[in-house]
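In: sequence and computational prediction follow.
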Amino acid sequence: MEEKFSTTSNWLVYLVVLFTGLFFITRNNLGDDMNLVPGDLGDARFNAYVLEHGYKYFTGTTEFYWNAPFMVPDQDVISYSDNLLGILPFYAVFRLMNYDVLTSFQFMFLVLVILNYSTCFLFLKWIFKSPFAASIGAFIFAFSISLQSQITHAQTFGRFAGPLAFLFLLLFSKDKKLRNLFLSFVSFVWQLYSGIYLGLLFFVPYITVLLAISFKNNKHLPKEVYKNYGLPQILLCFLVPFLSIIPLLGPYLHRSSIVPKPGYGGVTETIPRLDSYLYSERGSLIWDFLSKEKREIPAFWDHQIFPGALALLSLIFMFFLTKPWRKYSSIDETENIKEPMHYLSLAAFVTFLIFLRIDKLSLYWVIHYLPGFGSMRSMTRIINIELLFFAAAASLLFINIHKKTKINSSVLLLILLPLLVADNFVYREFTYHTPKDLANERVKNLVVKMEALPKNSLISYEPDSVPGNPIEYQLDAMLASQEVGLKCVNGYSATSPREYTDFWNNLDAPSREKWFASQNYQPNNLVIIH
């Protein structure tokens, strides 16, 4: 049975749940008057630098994209990290409106939260035909407590293309229209451009669904599509998205060939354990007691991926109902379980199976050697993809509760929404954030020292003392030199050459000279700022 709703009702449900999430969850990351920047003085500001560099390149105020002017004289330094090209347009819009770097970063974050919610809502509403069920799932996808541990990494902000990729792929499974398959591939590429980490991680469930719909019930879908469209159109459908990836992956493949990979042993401790899903961020309204455990785990903060009790219970319910481990060719749509949920449940089962470890053992070892996967260093980020499965499971649970109890959908939403907020609420003082005024002041102090220098100057910021994290001082110099249009020796990224490590940590003359000597580099335009 499917409920019928007017367009006005759909919009009302969509907006009520969205604004509830923005008010109770997102507001704590941004502050009441946008005075907080999501993330810390390290990675958050580095990603702001990368976005600003992309903005400057596409507006013609810097000459090279991959060769950003930091960590001089190293080359193509953008390829040390995610480039964020897929979310750059949402940042650039606000820069074009003359907002400063960090304010544009804040607005971009807000827009991406809304997009994450909206595309998930659209996807789940297509499956369940209920805005109530869709809004419950979309809330989990966009506002889950597990995202608080990910918020220092702007590469994880843009997840909106994932639901679209699945939506068009599952539409293709029903109507066999090549257009939908093409749009699914384009959405997958967009996810890859939004964050290479998430794009690669998303590949696992995506290829699982693609293979499942191709050979369900021994009906070879590729043959049917070939018969309807012919080889030229099919090749075009595949080649255009594939070729669009090459400009993105080229610099990264080159970088991976000259930078040592961590190896499976180097990432083993970052693969989630079962108890990672019961380990929450500090400051939770209900689940703070779950944050006091498991701190013996290396990089424990990345393992705080508890998605909330409702999400966990929903996933267990989905697996119990769909049994994705059974012979897949026997799956058929029933009144209670729509066919797309079988595909999603299978994809969820495969994804959790691969990105899970018991002691040192994990099936991730198998795919770690695929191109690109070996360069990743933090596998707990898989939670950003898995939230889509938690979301779909929550919508499925909503539909089943509604059908079994006959409770009106509006009433059921009013019951579950406060529970969802409480389930995922984290007090502001425990969220990862940086006061925007403090971050701007640090950079402004250096800009004053740099703005009168010749435009060909090379900056090396070497403060007299470095109390606290040296990364924060490196980023002060990077952002200040970027603002005045100068190059700098200072640098920070996901990684760096081994020869740069001493300067990374010390910011002093001996480590700088050691770095220059390793690169056989002797600049005549160096300006040292203390």
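Out: Here it is on my side, so go on. All figures in this text were calculated on a predicted structure; none of them were measured in a lab.

In: next one: the closest residue to Ala392 other than its chain neighbours, what pLDDT does it get?
Out: Excluding the flanking residues, the one nearest Ala392 by C-beta to C-beta, 6 or more residues apart in numbering is Leu344, at 5.0 Å. Using the backbone N, CA and C atoms, a C-beta is placed for each residue, glycine as well. Listed pLDDT for Leu344 reads 95.

In: quick check, Leu344 in contact with Phe166.
Out: Yes - taking C-beta atoms under 8 Å as the definition, Leu344 is a contact partner of Phe166 at 7.3 Å.

In: give me the common contacts of the two.
Out: Common neighbours of Leu344 and Phe166 are listed as 209, 388 (criterion: C-beta atoms under 8 Å, 6 or more residues apart in numbering).

In: quick one on the thing from earlier: got a list of what the residue nearest to Ala392 touches?
Out: Going by C-beta under 8 Å, 6+ apart, Leu344 touches 166, 209, 388-389, 392.

In: for stretch 367-375, buried residues please.
Out: 368, 372-375 (16 or more other C-beta atoms under 10 Å).

In: ranges for the helices of the stretch 401-530 of the chain?
Out: All helices of the stretch 401-530 of the chain, identified by DSSP state H, counting those that start in this stretch, fall at 409-424, 436-450, 470-484, 501-506, 509-518.

In: take the ones you listed and write them to TSV, including mean neighbour count, mean pLDDT and distance to Leu356.
Out: Below are the helices of the stretch 401-530 of the chain laid out as TSV (neighbours: other C-beta atoms under 10 Å; pLDDT from 0 to 100; distance: least, C-beta to C-beta, whole Å):
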stretch	mean neighbour count	mean pLDDT	distance to Leu356
helix 409-424	18	96	23
helix 436-450	16	95	37
helix 470-484	23	96	31
helix 501-506	18	95	33
helix 509-518	16	96	40
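
In: now render these as JSON lines, adding distance to Val93.
Out: Putting the helices of the stretch 401-530 of the chain into JSON lines (distance: least, C-beta to C-beta, whole Å) gives the following:
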{"stretch": "helix 409-424", "distance to Val93": "28"}
{"stretch": "helix 436-450", "distance to Val93": "19"}
{"stretch": "helix 470-484", "distance to Val93": "19"}
{"stretch": "helix 501-506", "distance to Val93": "33"}
{"stretch": "helix 509-518", "distance to Val93": "37"}
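
In: which one, of those, ends up nearest to Met34?
Out: Nearest to Met34 among these is helix 436-450 (7.4 Å), distances taken as C-beta to C-beta.

In: quick one on the thing from earlier: keep only those of the buried residues of stretch 367-375 that are in strands.
Out: Counting by DSSP state E, no part of those is found in strands.

In: let's have these in a markdown table, adding distance to Gly308.
Out: Shown next, in a markdown table, are those (distance: C-beta to C-beta, whole Å):
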| residue | distance to Gly308 |
| --- | --- |
| His368 | 29 |
| Gly372 | 31 |
| Phe373 | 28 |
| Gly374 | 32 |
| Ser375 | 31 |
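
In: where along the protein do the strands fall?
Out: 36-38, 357-358, 361-362, 433-435, 458-461, 487-488, 526-529.

In: of all these, which gets the most neighbours per residue?
Out: Comparing these by mean neighbour count (mean count of other C-beta atoms under 10 Å), strand 36-38 comes out on top with a mean of 25.

In: can you list the strands that that one pairs with?
Out: strand 433-435 (antiparallel) (DSSP bridges).

In: sorry, back to before: and which of the contacts of Leu344 is nearest to Ile196?
Out: Within the contacts of Leu344, proximity to Ile196 (C-beta to C-beta) peaks at Leu388, which comes in at 18.3 Å.

In: show me the contacts for the closest one.
Out: 120, 141, 159, 162-163, 166, 344.

In: what subset of those is buried?
Out: Among these, those buried by neighbour count (16+ other C-beta under 10 Å) are 120, 141, 159, 162-163, 166, 344.

In: just flag the most distant two among those.
Out: The largest separation in these, counting by C-beta to C-beta, is between Arg159 and Leu344 at 15.4 Å.

In: low-confidence regions, the stretch 201-350 of the chain specifically.
Out: Applying pLDDT under 70 to the stretch 201-350 of the chain flags the ranges 217-223, 226, 259-261, 293-295, 327-337.

In: show me where it has its helices.
Out: Counting by DSSP H, counting those that start in this stretch, the helices of the stretch 201-350 of the chain are 221-229, 231-258, 263-267, 309-322, 339-354.

In: buried residues, stretch 96-105. List them.
Out: For stretch 96-105, burial by neighbour count (16+ other C-beta under 10 Å) applies to 99, 101-105.

In: what of stretch 396-410?
Out: The neighbour-count check on stretch 396-410 (16+ other C-beta under 10 Å) flags 396-402, 409 as buried.

In: off-centre distance for that stretch?
Out: 32 Å (C-alpha atoms, centre = their mean, to the nearest Å).

In: would you mind writing the CA trace of it as CSV?
Out: C-alpha atoms of stretch 396-410 as CSV (Å, rounded to 0.1, in the frame of the first residue of the first chain):
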residue,chain,number,x,y,z
LEU,A,396,12.1,0.7,5.8
LEU,A,397,11.5,0.5,9.5
PHE,A,398,9.2,3.5,9.4
ILE,A,399,7.1,1.9,6.6
ASN,A,400,6.8,-1.4,8.5
ILE,A,401,5.8,0.3,11.8
HIS,A,402,3.2,2.3,9.9
LYS,A,403,1.8,-0.8,8.2
LYS,A,404,1.8,-3.0,11.3
THR,A,405,0.4,-0.4,13.8
LYS,A,406,-1.8,1.7,11.4
ILE,A,407,-0.5,4.8,13.2
ASN,A,408,-0.9,7.9,11.0
SER,A,409,2.3,8.8,9.2
SER,A,410,2.2,12.3,10.6
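
In: can you pull the contacts of the residue nearest in space to the middle of the chain?
Out: Nearest to the geometric centre of the chain sits Thr156, at 1.7 Å (C-alpha atoms, centre = their mean). The neighbours of Thr156, taking C-beta under 8 Å, 6+ apart as the test, are 147, 150, 195, 197-198, 381, 384.

In: and the two most separated of those residues?
Out: The distance between the two most remote of the contacts of Thr156 (C-beta to C-beta) is 14.6 Å, for Leu147 and Tyr197.

In: what sits up against stretch 28-41?
Out: Outside of stretch 28-41, the residues within contact range by C-beta under 8 Å, 6+ apart are 44-45, 47-48, 102-103, 105-106, 109-110, 151-154, 426-428, 431-437, 439, 442, 469, 471-472, 475.

In: coming back round to it: and the strands of the chain as TSV, adding mean pLDDT and distance to Ser511?
Out: TSV is the format used below for the strands of the chain (pLDDT from 0 to 100; distance: least, C-beta to C-beta, whole Å):
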stretch	mean pLDDT	distance to Ser511
strand 36-38	95	29
strand 357-358	92	37
strand 361-362	91	37
strand 433-435	94	27
strand 458-461	96	10
strand 487-488	96	15
strand 526-529	94	13
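
In: so where do the helices sit in the stretch 51-200 of the chain?
Out: 88-96, 101-128, 131-143, 161-175, 178-194, 196-214.

In: dump those helices into a markdown table; add distance to Asn456 as well.
Out: Putting the helices of the stretch 51-200 of the chain into a markdown table (distance: least, C-beta to C-beta, whole Å) gives the following:
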| stretch | distance to Asn456 |
| --- | --- |
| helix 88-96 | 25 |
| helix 101-128 | 23 |
| helix 131-143 | 46 |
| helix 161-175 | 40 |
| helix 178-194 | 33 |
| helix 196-214 | 33 |
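
In: alright, calling it a day.
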